[in-house]
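**Student:** Provided below are the primary sequence and the corresponding predicted coordinates.
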Amino acid sequence: MSDAIWFNFLMAAIPAGMPLLLGTLGEILTEKSGNLNLGVEGMMYMGAILGFLAGFYTDSAVLALGAAFLGGALGALIYTFLTVTLKANQNVTGLTLTIFGTGLASLIGENLLAGGAASASFSESLKASFDRIPIPGLADIPYLGPLLFDNNIFVYLGVGIAICMGIYLNHTRRGLNLRAIGENPGAADAAGIHVTLYKYVHILLGGGICGLGGGYVCFVTCKGLWVQNCVGGLGWIAVALVIFASWSPYRSIFGSLVFGALSILQFYKPAFLRNVSAPVFSMLPFLVTAIVLVVTSVRMSRERVQPKGCGINYDREER
């Protein structure tokens, strides 16, 4: 590929990886609290449909973003109540949440498209709100400017959340408390940390961030149109990216860029791959995900492992 094509490829890969970055960040925050939530796909769907409804009926970008966050947080609230309060199995609850969120989005989407309507879409002014927003001065820097400082609001939001989350988890007292809960909730409880409150707050925040990932798919990828089954497995890739990133918000930025590049590779394939059919490229992110899971599991170091308390319900009466 020529230099121009490589540059255009990188410019497209960065926004393409944003729904994965947001889903990964949401799951990292959840797992740091000691809970494994396999319902990322469902929360992304809930964020997508509720965000779309808010934008469709209010024509407000702020309300659309807020509703997408609340949609994901609502799914996380269901999960948190069942697993933290009622001590339900986390794996089963997460899988059920995926089925629930996907079905809810499909049901509401069918009603939107009922009555012979070919499509439901944002207004042109609302679509424009999610176009590229160049940062004055910085966007004019050769090469680097268009890549980093001329993107849509979700790119700035995703990278900002990743950086803030990294600082929060590693350099603040509450972040260190959260990590302690994820490793050993009994010891954290004995030290006076309110385990249940921490879990509720951070799992809900994680779900809201996943919901923003679903909102991205609807608002940007689908260009403000409601498309049934729009998330299309991105939530499962995000769960795998948590392992690829070794539970680090910083490394998740790189991981999302890699998988974003894989998802658009079919549009920039070099000449020697011209005869390869499109379905092969569509399955490529999922194939690489499986390979990454195997390789990462084999080469996992002690410093880069899942929190020890993750997936195990904590009962204060049993400590």
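**Tutor:** Alright, I've got the coordinates. Numbers count the residues shown, from 1 in each chain.

**Student:** so where's the stretch 51-200 of the chain shaky on pLDDT?
**Tutor:** Residue ranges of the stretch 51-200 of the chain with pLDDT under 70: 115-118.

**Student:** Tell me the confidence at residue 265?
**Tutor:** At residue 265, the model reports a pLDDT of 82.

**Student:** quick thing: my sequence starts at 663, can you match it?
**Tutor:** Okay, residue one is now 663; in that scheme the one you just asked about reads as residue 927.

**Student:** Just give the nearest non-adjacent residue to it, would you?
**Tutor:** residue 943 (5.6 Å; CB to CB, 6 or more residues apart in numbering). All C-beta spots, glycine's among them, are computed from the backbone N, C-alpha and C.

**Student:** Now do the same contact list for that neighbour.
**Tutor:** With contact taken as CB atoms under 8 Å, 6 or more residues apart in numbering, residue 943 is in contact with 927, 928, 931.

**Student:** got the buried residues for the helix or strand hosting it?
**Tutor:** In this assignment (DSSP states H and E), residue 943 forms part of helix 940-960. By neighbour count with 16 or more other CB atoms under 10 Å, helix 940-960 contains the buried residues 943, 946, 947, 950, 951, 954.

**Student:** Check whether the third one really touches residue 922, as I assumed.
**Tutor:** No: with contacts defined as CB atoms under 8 Å, residue 947 does not count as touching residue 922, sitting 9.0 Å away.

**Student:** picking that back up, distance of the residue nearest to residue 927 from residue 929?
**Tutor:** Using CB to CB, to the nearest Å, we find residue 943 at a distance of 9 Å from residue 929.

**Student:** helix, strand or coil for the closest residue to residue 842 other than its chain neighbours?
**Tutor:** Distances taken as CB to CB, 6+ apart place residue 850 nearest to residue 842, at 4.4 Å, with adjacent residues excluded. State at residue 850, reduced to three classes by DSSP: H, G, I helix; E, B strand; the rest coil: helix.

**Student:** Once you drop chain neighbours, what's closest to residue 692?
**Tutor:** Leaving out its chain neighbours, the residue that sits closest to residue 692 by CB to CB, 6+ apart is residue 868, at 3.9 Å.

**Student:** Verify the stated contact: the one you found with residue 738.
**Tutor:** Yes: Residue 868 is within contact range of residue 738, at 6.4 Å (criterion: CB under 8 Å).

**Student:** Give the intersection of the neighbour lists for these two.
**Tutor:** Here residue 868 and residue 738 share the contacting residues 692, 699, scored by CB under 8 Å, 6+ apart.

**Student:** about what we covered before: can you tell me which of the buried residues of helix 940-960 is nearest residue 821?
**Tutor:** Set against residue 821, the nearest of the buried residues of helix 940-960 by CB to CB is residue 947 (20.6 Å).

**Student:** which residues touch the closest one?
**Tutor:** The contact partners of residue 947, taken as CB under 8 Å, 6+ apart, are 899, 921, 924, 925.

**Student:** Tell me the one of these nearest residue 828?
**Tutor:** Using CB to CB, residue 921 is the member of the contacts of residue 947 that sits closest to residue 828, with 19.3 Å.

**Student:** and that closest one, how many neighbours?
**Tutor:** For residue 921, the count of nearby residues is 27 (other CB atoms under 10 Å).

**Student:** what does the one 4 residues further on give?
**Tutor:** Here the number of neighbours of residue 925 (other CB under 10 Å) works out to 22.

**Student:** all strands of this structure, in order?
**Tutor:** Per DSSP state E, the chain carries strands over the ranges 795-796, 812-813.

**Student:** Give the other helices and strands that the last one contacts.
**Tutor:** Counting contacts by 3 or more CB pairs under 8 Å, 6 or more residues apart in numbering; DSSP states H and E, strand 812-813 is packed against strand 795-796.

**Student:** So what's the gap between the strand it packs on and the chain middle?
**Tutor:** When distances are taken as CA atoms, centre = their mean, to the nearest Å, strand 795-796 is centred 22 Å away from the chain's centroid.

**Student:** got it, and stretch 901-916?
**Tutor:** That offset, for stretch 901-916, works out to 11 Å (CA atoms, centre = their mean).

**Student:** Tell me which residues of it come out buried.
**Tutor:** For stretch 901-916, the neighbour count (16+ other CB under 10 Å) marks 901-911, 913-915 as buried.

**Student:** what sits up against that stretch?
**Tutor:** The contact list for stretch 901-916 (CB under 8 Å, 6+ apart) reads 682-683, 685-687, 689-690, 693-694, 700, 702, 821, 823-825, 827-828, 831, 917-918, 921, 951, 954-955, 958-959, 966-969.

**Student:** what do you get if the cut-off is 7 Å, keeping everything else the same?
**Tutor:** Contacts to stretch 901-916, defined as CB atoms under 7 Å, 6 or more residues apart in numbering, come from residues 682-683, 686-687, 689-690, 693-694, 700, 702, 821, 824, 827-828, 917-918, 921, 951, 954-955, 958, 966, 968.

**Student:** Straight-line length of it, end to end?
**Tutor:** 15 Å (CA to CA, to the nearest Å).
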